[in-house]
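Visitor: Fold the stuff below for me.
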Amino acid sequence: MMAEKRFLAGIDDLRAIEFTCKKCKAGTTRILNEERNFVPTQCSNCNQPWMINGGVLEQAIRALFKAVRTIRELQNEAIFQLKIEITAEGLTPLAVQKSALEP
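Guide: Numbers count the residues shown, from 1 in each chain. Below you'll find the predicted structure:
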């Protein structure tokens, strides 16, 4: 039996969502802390459409941003601790410029 690595992340560990173009591989990052997040509907590099402006996918992504903010605001009132499990296969090594994600 092979051991599986699991990683648990608290809601405060979630920092950003990255959008990466499947066509040109360019990416853009949206910080989860920001009150209003602009959801990109096309690649800023090659202009490949990613989703319909105002469509279901964009609404779902906006709802994800809002859900994370709401959980962060209310987590101290909860009588449980929320963690998200990810697999090692879901992890991507990341070389981040410190200024890109720091407040």
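
Visitor: For residue 28, see how far away the residue positioned nearest the centre of the chain is.
Guide: With distances taken as Cα atoms, centre = their mean, the chain has residue 17 as the residue nearest its mean C-alpha position (2.5 Å). Separation of residue 17 from residue 28 (Cβ to Cβ, to the nearest Å): 10 Å. Just so you know, the C-beta spots here come from the backbone N, C-alpha and C atoms, and that holds for glycine as well.

Visitor: For this protein, which residues score under the pLDDT cut-off?
Guide: The chain contains residues with pLDDT under 70 at 1-3, 90-91, 93-103.

Visitor: Which residue ranges of it form helices?
Guide: Counting by DSSP state H, the chain has helices at residues 56-74, 98-101.

Visitor: could these go into CSV alongside mean neighbour count and distance to residue 34?
Guide: As requested, the helices of the chain are exported to CSV (neighbours: other Cβ atoms under 10 Å; distance: least, Cβ to Cβ, whole Å):
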stretch, mean neighbour count, distance to residue 34
helix 56-74, 13, 8
helix 98-101, 9, 11
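
Visitor: about what we covered before: in the sheet, who's paired with the residue nearest to the centre of the chain?
Guide: According to DSSP bridges, the partner residues bridging residue 17 are residue 30.

Visitor: Quick check: it touching residue 64?
Guide: Yes. At 7.4 Å, residue 17 and residue 64 qualify as touching, with contact defined as Cβ atoms under 8 Å.

Visitor: between the helices of the chain, which gets nearest to residue 12?
Guide: The closest of the helices of the chain to residue 12 is helix 56-74. By Cβ to Cβ, the value is 6.7 Å.

Visitor: quick one: contacts for residue 65?
Guide: Residues in contact with residue 65, defined by Cβ atoms under 8 Å, 6 or more residues apart in numbering, are 17, 30, 32, 37, 39.
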